[in-house]
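1. Pasting a predicted model and its sequence here:
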Amino acid sequence: MVEILLVRHGETDLNAGEIFRGRVDVDLNQEGMKQAELLGDYLGREKIDLVYSSPLKRAVKTAEAVTRPHNLEVNVAESLIDFDYGEWQGIPLREVGEKYGELYRDWLDTPEQVRVPGGESLEDVRSRTMPFLEDAVMRLDEGKIVFVSHRVVHKVLICNLLGLGNAHFWNVRLDTCGITRFICGEGRLVLAGHNDISHLKSLNSRNLNDF
């Protein structure tokens, strides 16, 4: 049996400010560092065998907090890099809504049909992440594996692991340092927990939008 943990990175100034991030290599902010530390303490109580991370700093720093109690290395995986927002990258949400009105409305209504100008589609994310995850799980065979990545990446993985497809992208919420768990065994993949942020309770953080 393999347990899969999908972990979103900690907070950054860009997601707190509702600015599209994508491949911008922004670091964790002070709140994000606290979140990552609490996440590491929380997962330090479990036996973890492997940790993979997106190459972007906000994910790597979060992954390092997870590996520290276990004396593990962070395995950086290009396949887990954030969604390429193309022309939207680094631009505030409100500005994108004003400048790309019709396309942005399509992103909210039919995300599976949208390719961001100069960037990716959700299908592009699925095609680079699902084979990587499946191969990593197959090679581990038994144990617990953590994938630290980004909101869009994990939402696509969750939808597709559940057989829902990218059309259900907006039916999934994943907060910073939220944990989603799947159990893989006996020919079945089971969702065992979603968006667990119980470890962040002591921060009394403000509730951010799904961004």
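-> Everything's here; your move. Quick caveat: nothing in here was measured; it's all calculated off a predicted structure.

2. In the sheet, which strands lie alongside the lengthiest strand in the chain, parallel or antiparallel?
-> Determined from DSSP state E, the single longest strand within the chain is strand 188-196. Strand 188-196 has the following sheet partners, assigned by DSSP bridges: strand 179-185 (antiparallel).

3. biggest helix in the chain, by residue count?
-> helix 122-140 (DSSP state H).

4. between that one and strand 188-196, how many degrees?
-> 110 degrees (axes from the mean of the first three to the mean of the last three CA atoms, to 10 degrees).

5. Could I get the contacting residues of H9?
-> Taking CB atoms under 8 Å, 6 or more residues apart in numbering, we find H9 in contact with 28, 32, 36, 54, 56, 58-59, 61-62, 148-150, 176-177. No exception for glycine: its C-beta is placed from N, CA and C like everyone else's.

6. coming back round to it: what sits up against the longest helix of the chain?
-> Contacts for helix 122-140 (CB under 8 Å, 6+ apart): 2, 4, 49-50, 52, 77, 79-80, 83-84, 111-112, 114-115, 145, 147, 149, 152-153, 156-157, 160, 166, 169, 184.

7. Cross those residues against helices and list the overlap.
-> Mapping those onto helices (DSSP H) picks out 152-153, 156-157, 160.

8. For these, which single residue is the most surrounded?
-> V156 (28 neighbours; other CB atoms under 10 Å).

9. Leaving aside the residues adjacent along the chain, what's closest to that one?
-> V125 (4.6 Å; CB to CB, 6 or more residues apart in numbering).
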